[in-house]
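In: Next input, structure requested:
(2 chains)
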Amino acid sequence: MSFLTFLAQQQPEPVQRVVDTVTTGEAIAFWVLGPLALAGALGMLFARNAVHSALWLVVTMLSLGVLYMIQQAPFLGFVQIIVYTGAIMMLFLFVLMMVGRDSSDSVVEVIRGQRLAAALLGIGFAVLMVGSVARALTSVEPAGLAEANATNGGNVGNIGVKLFTDYLFAFELTSALLITAALGAMILAFVGRDGKPAKKTQKELVEERFQEGKRVGSIPGPGVFATANSVATPALLPDGSVSEESLFEVIEATDKSTLSDDVADVAGTGHEADAHALKGSES
Amino acid sequence: MTQHVFAAEIGDTAKLLADDPIWLILIKVVGIFAFLVVMTLFMINWERKVVARMQHRPGPNRVGPNGWLQSLADGLKLAFKEDIRPVLADKWVFFLAPVISCIPAFLAFSVIPIAGEVNMFGQQTALQLVDLPVGVLVVLACSSLGVYGIVLSGWASGSPYPLLGALRSAAQVISYEIAMGLSIVAVIMFTGSLSTGDIVGAQAATVLGFLPGWFGILLFPSFVIYVVSMVGETNRAPFDLPEAESELVGGFHTEYSSLKFALFFLAEYVNMVTVSALATTLFLGGYHAPWSGDFMNTGWWGLLWFIGKTLFFLFLFIWLRGTLPRLRYDQFMKLGWKVLVPTSLVWIMAVAVIRTGAIQQLSTAQRLIALGVIVGLVLLVSFLLPDKKVQDTKGVPLAGSGFPVPPLDLAVPKSAPKRKVKVANIPKDTAAVTTGKEAE
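Out: The predicted structure follows:
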């Protein structure tokens, strides 16, 4: 709740916003969220359980989303939460839960030179990151969003205009990529029923049952029309005879002597516990 | 064209809220929290009473006046019950899940405009905690975070039924959130703003002189899609598959007890109130009275209209629960992906065309041409659709009721081929179970 109220306070007249000063509230929020995001990232790396790993990543994404909101990009912040934490991480979790909670990584290397390649690529990526961050911190003049948020339809409107004019090609390209990926996944996951007829619908099954002249209703359950509702009691037909369809083959095939204790219990002829006895019977 | 489509940069409500002192914000926070908790207690009771009336029984009527304190007593009792954690449960996630499901539920309500401009303790303010330029997205974001609670609870319980419930829930909420988001798009196109305050403000006028200019009337298809997907989103009957008690025991909260279970309960009802309040805001004109230009349309009166409309949606929830049986999972998914999503996509296209026509001030001839093109497209599509398969004549004739019945001239077969049941041929005296009469 606090960041919302904080945001509410951050909405004075748009003209009064100063572009490149960090307000106290923003600094506090940064020093709370920054370490949290970092902790989430580290936790993701070092957590043993895959689901815990995913949860730590969620923490990082949420912190980043809130940081965007504080830096006057509320649309980006909430879309980050909806898309990344809401949809993408949820799909991750979905898959992890399907795979099972105890699945752990195998330590056997399947691809040769995997570690070397990973290390090289990792170092390269780190160099790129450091380079761009260093450039952003030194030579780039921060423009701030105050002016953009105040003109031409505000934050959301401006993003929409940019997306559908200047960056239209990149936008369409990304959507084409995503659609291709989704189609590919569907084709890979689709299990064709080669040569087999399609699965029958409920209606077709019912009609088939009538046409074949089989028993239309369900098979009588044990105990129907009988004197007891035990599974072991056969159903009686209207003329009093035993309906063979209702007999349970396992029970029928069991020798009576193996059940003699239970029969005695039910009949009340077996051993009766004395409710007042302090000890069990001596025998 | 683009300039005047968007509403003002910062809405009137946001300006009004910007100079709220901190104590007023605190009062509003506490007020919203109290409102949601009281609504939860009220809803549980109301639901039980209404469903009871629908089933011709009195419902809870012992605790408090007319039984209205029953849910409070139940809640207190729940808090003092034993807290059980299964051996196989994941300790931290099991604890975290109910908390995660509860917090976003409360958070989402902060952007709902409860009433317009009011005077609170000498301060002019709006009865709304915050009016963000992306208000509607806040509710969507919160609902997408709330699913984590359900999914994690199912996973962390370490037993199969909750896991199945969690998987169902994840698929369900993601699917229905798409339909929900698409149904909101039309409203946003009409308003030109994502802020809830602006959306309510845009519904103040009347159309045709007497109808209120609510988006529920102007954008009726969106309204229907939103209402359906809001039931799916909150896991309520007939879409309560994640906790289907006849299939999954209790679904995701099977292993939960005591306060943790109470938190899930609370989150579910708070979510219901939130989506109902959002439906009020988006489609039923929020705090506006059904007529315009009256003193009943100002100040604190808005609270009355808002709560009334929200209660209408909450009653709808109860009514649905009392009426409809639970959908099968594949039917449910089919409804979401094959009906709601395509319908709302087509509807958004239609709204976009209408909006463009309205903004561009087209001449009558141009409008007629546009109409002709649309009709032509519809005809083209209808020609391209394959014909319905001819029913095979060998099939069993169906009666008017849709049930297959045997033909009238049916000759009863001599002996129906019975299922071959292997019955052990055991002499009578050694049969394991007697028919009862023999015992005498």
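
In: Minimum distance to chain B, which residue of the stretch 51-200 of chain A gives it?
Out: Across the stretch 51-200 of chain A, no residue is closer to chain B than A:Gly86, which sits at 2.8 Å (CB to the nearest CB). C-beta here means a position set from N, CA and C on the backbone, and glycine is covered the same way.

In: Now for whichever residue of the stretch 51-200 of chain B sits closest to chain A: which residues touch it?
Out: Closest residue of the stretch 51-200 of chain B to chain A, CB to the nearest CB: B:Ser144 (2.8 Å). If you count contacts by CB atoms under 8 Å, 6 or more residues apart in numbering or on different chains, B:Ser144 has them with A:81-82, A:85-87, A:90, B:173, B:177.

In: helix/strand/coil for it?
Out: Under the three-state scheme (DSSP: H, G, I helix; E, B strand; the rest coil), B:Ser144 adopts helix.

In: how far away is it from B:Gly251?
Out: For B:Ser144, the distance to B:Gly251 equals 19 Å [CB to CB, to the nearest Å].

In: ok, now B:Ile199?
Out: For B:Ile199, the distance to B:Gly251 - CB to CB - is 34 Å.

In: who has more neighbours, these two?
Out: B:Ile199 (28 against 25; other CB atoms under 10 Å in any protein chain shown).

In: Could you confirm whether any residue of the strand or helix carrying that one contacts chain A?
Out: Here B:Ile199 is covered by helix B:196-201, with elements defined by DSSP states H and E. No. Using CB under 8 Å from any CB of the partner chain, we find that helix B:196-201 stays clear of chain A, coming within 10.6 Å at best.

In: Check which helix or strand B:Pro113 maps to.
Out: Using DSSP H and E, B:Pro113 maps to neither a helix nor a strand.

In: B:Thr274 too?
Out: Assigned by DSSP H and E, B:Thr274 falls within helix B:258-283.

In: For that helix, which residues meet the burial criterion?
Out: Using 16 or more other CB atoms under 10 Å in any protein chain shown as the test for burial, helix B:258-283 gives B:260-283.

In: hang on, B:Gly336 is in a strand, isn't it?
Out: No. Membership of B:Gly336 in a strand is not supported by three-state DSSP, which gives helix.

In: How about it: what's its closest non-neighbour residue?
Out: What sits nearest to B:Gly336 in space, not counting adjacent residues and going by CB to CB, 6 or more residues apart in numbering or on different chains, is B:Ser175, at 4.3 Å.

In: What count of nearby residues applies to that neighbour?
Out: Quick note: B:Ser175 (other CB under 10 Å) scores 20 neighbours.

In: My guess is it contacts B:Trp337. True?
Out: Yes. Using CB atoms under 8 Å, B:Ser175 is in contact with B:Trp337, at 6.2 Å.

In: list the contacts for B:Ala202?
Out: B:7, B:190-191, B:193, B:213.

In: now do 6 Å
Out: Residues in contact with B:Ala202 (CB atoms under 6 Å, 6 or more residues apart in numbering or on different chains) are B:Thr191.

In: Which parts of the stretch 101-250 of chain B are helices?
Out: Under the criterion DSSP state H, counting those that start in this stretch, the stretch 101-250 of chain B contains helices at B:135-156, B:160-191, B:196-201, B:215-218, B:220-233, B:245-248.

In: Make CSV out of these and add mean pLDDT.
Out: Shown next, in CSV, are the helices of the stretch 101-250 of chain B (pLDDT from 0 to 100):
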stretch, mean pLDDT
helix B:135-156, 86
helix B:160-191, 85
helix B:196-201, 83
helix B:215-218, 80
helix B:220-233, 89
helix B:245-248, 76
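
In: Between those helices, which one is closest to A:Gly157.
Out: Closest to A:Gly157 of the helices of the stretch 101-250 of chain B is helix B:160-191 (CB to CB; 11.3 Å).

In: Which residue comes closest to B:Trp300 once chain neighbours are left out?
Out: The shortest distance from B:Trp300 to any non-neighbouring residue, by CB to CB, 6+ apart, is to B:Val118 (5.5 Å).

In: So A:Thr85 is in contact with A:Leu57, correct?
Out: No. The criterion here is CB atoms under 6 Å, and A:Thr85 misses it with A:Leu57 at 8.8 Å.

In: per-residue pLDDT, residue 9?
Out: Picking chain A for this. Reported pLDDT at A:Gln9 in the predicted model: 49.

In: meant chain B, my bad for not saying
Out: Reading off the model, B:Glu9 has pLDDT 43.

In: What of the one 5 residues further on?
Out: The confidence metric pLDDT takes the value 73 at B:Ala14.

In: Next up, identify which helix or strand it is on.
Out: In this structure, B:Ala14 sits in helix B:12-18 according to DSSP H and E.

In: chain center to that helix, what's the gap?
Out: Centroid separation for helix B:12-18 versus its chain: 29 Å, with CA atoms, centre = their mean, to the nearest Å.

In: And stretch B:153-173, by the same measure?
Out: Between the centre of stretch B:153-173 and the centre of its chain there are 19 Å (CA atoms, centre = their mean).

In: Enumerate the positions of it that are buried.
Out: Residues of stretch B:153-173 classed as buried under the neighbour-count rule (16+ other CB under 10 Å) are B:153-158, B:161-173.

In: So it, near chain A or not?
Out: Yes. Using CB under 6 Å from any CB of the partner chain, stretch B:153-173 comes into contact with chain A via B:155, B:170.

In: Please tell me how far the spatially closest residue to A:Ala148 that is not a sequence neighbour sits from A:Thr165.
Out: In this structure, A:Ala148 finds its nearest non-sequential neighbour in A:Asn158, 5.3 Å apart by CB to CB, 6+ apart. As judged by CB to CB, A:Asn158 and A:Thr165 stand 11 Å apart.

In: Who has more neighbours out of those two?
Out: Taking other CB under 10 Å, A:Asn158 and A:Thr165 do not tie; A:Asn158 has more neighbours (19 against 9).

In: same for the helix or strand containing the more buried one, what does it pack against?
Out: Per DSSP H and E: A:Asn158 is located in helix A:154-164. Helix A:154-164 sits against helix A:74-79, with contacts defined as 3 or more CB pairs under 6 Å, 6 or more residues apart in numbering or on different chains; DSSP states H and E.

In: quick revisit: in the helix holding A:Asn158, which residues are buried?
Out: For helix A:154-164, by 16+ other CB under 10 Å, it's A:154-159.

In: Moving C-terminal from that helix, which element do we reach first?
Out: helix A:168-189.

In: Let me see the domain layout of chain A.
Out: Domain assignment for chain A, taken from automatic domain parsing, gives A:1-11+A:22-101, A:155-190, A:202-267.
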